[in-house]
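In: turn this into a model:
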Amino acid sequence: MHPLVSPGAGPIPGVPQHQPSNLFRFGEITLYSTFTFGAQGVVTPLANTTNRLFATPLGQNGQGFAPMTVGETNLKEAGRIPSGQAYDVFGVAGQVMGWDPTNNNTDVPFNVNGLAGAGGLGLVADLQSAINNAILVWDFTQTQVFICPLMLAGAGGGAFGAISQNAAGANSGSMGNGNGGIWMYRRHPVALPGNSTFAVLLQFGGYASQLGVNSGLAVRVVLLGYYKSVIEIG
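Out: Now for the predicted structure:
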């Protein structure tokens, strides 16, 4: 008597003589971290500054947030890949978001409505300056490796939209930040072994504009990649 098989299915694979001691699980995930700049009534210089992302875990204060929530990062441990899990980065995205701290000093930086309000034109100029003058850099404790200018990371396409002003001086309109494609590491991913430490530095050149008293921005860096974890079963 022959076993039932689908036509063209080929031979039935052999059955192992022992149970495996572990299994591997694969998938695609993102790791992300955000840095925010600017506060109401404060001039914030950006030129020649270095700012460390992936340095503050979920629930802790840092990188301009008090505390970091799931909208700003998904790291449970600062700058560390979980033990037993390898992560290969095949894309880097740099999302630049503008906000107006005069709306509410505790406003989250993902509210872009302020771009169409008073001072919106200056805020757009600050947004564009950050995109055009920022560099992303890997920081592996003893080694730093340049990634790319921020404008070459996906979601760093630039500001677009329009703002108009009426005779009474009131502004109206809409501005946003373009979402570009993901260009880095498509062919040669960066391997981050389990339990390894890392950070991404956001560096601004000497010609980056300072943020005025009514301007603010945030930069969220997203690492897209594959993970491989080991599940011990015996």
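
In: where does this structure have low pLDDT?
Out: Along the chain, segments meeting pLDDT under 70 span 1-24, 99-123, 156-163, 165, 169-182, 230-234.

In: and the strands in it?
Out: Ranges of strands in the chain, per DSSP state E, are 22-37, 50-53, 85-99, 134-140, 143-149, 158-165, 171-178, 190-192, 199-204, 216-232.

In: closest one to Thr73 among these?
Out: Closest approach to Thr73 among the strands of the chain (CB to CB): strand 22-37, 4.6 Å. To be clear about C-beta, it is placed using only N, CA and C from the backbone, and glycine gets the same treatment.

In: would you mark the buried spots in the closest one?
Out: 31-37 (16 or more other CB atoms under 10 Å).

In: what packs against that strand?
Out: Under the contact criterion of 3 or more CB pairs under 8 Å, 6 or more residues apart in numbering; DSSP states H and E, strand 22-37 touches strand 50-53, strand 216-232.

In: can you redo those strands as CSV with mean neighbour count and distance to Leu192?
Out: Formatted as CSV, these follow (neighbours: other CB atoms under 10 Å; distance: least, CB to CB, whole Å):
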stretch, mean neighbour count, distance to Leu192
strand 50-53, 18, 14
strand 216-232, 19, 8
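
In: quick one: closest of those to Phe204.
Out: strand 50-53 (8.0 Å).

In: partners of the closest one, with directions?
Out: strand 199-204 (antiparallel) (DSSP bridges).

In: minimum distance to Gln85: which of the helices and strands packed on strand 22-37 has it?
Out: Among the helices and strands packed on strand 22-37, if distance is taken as CB to CB, the winner is strand 216-232, at 4.2 Å.

In: what is the closest one packed up against?
Out: strand 22-37, strand 85-99, helix 120-133, strand 199-204.

In: out of those, nearest to Glu72?
Out: It's strand 22-37; of the helices and strands packed on strand 216-232, that one is closest to Glu72 (CB to CB) at 4.1 Å.

In: may I have the strands that pair with that closest one, each with its orientation?
Out: strand 216-232 (antiparallel).

In: buried ones in stretch 76-94?
Out: Within stretch 76-94, the residues that count as buried by 16+ other CB under 10 Å are 78-81, 85-94.

In: that stretch: end-to-end distance?
Out: For stretch 76-94, the first-to-last residue distance is 21 Å (CA to CA, to the nearest Å).

In: start at 422 instead
Out: From this message on, residue numbering opens at 422, which makes the last subject stretch 497-515.

In: quick revisit: any chance of the strands of the chain in TSV, with distance to Thr494 too?
Out: Below are these laid out as TSV (distance: least, CB to CB, whole Å):
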stretch	distance to Thr494
strand 443-458	5
strand 471-474	9
strand 506-520	13
strand 555-561	16
strand 564-570	18
strand 579-586	24
strand 592-599	19
strand 611-613	16
strand 620-625	12
strand 637-653	9
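
In: list just the nearest of the buried residues of strand 443-458 to Val643.
Out: Using CB to CB, the buried residues of strand 443-458 come closest to Val643 at Tyr453, 4.3 Å.

In: returning to what we had before: could the buried residues of strand 443-458 be laid out in TSV, adding distance to Gly483?
Out: Compiled in TSV, the buried residues of strand 443-458 are given as follows (distance: CB to CB, whole Å):
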residue	distance to Gly483
Leu452	16
Tyr453	15
Ser454	10
Thr455	10
Phe456	9
Thr457	10
Phe458	13
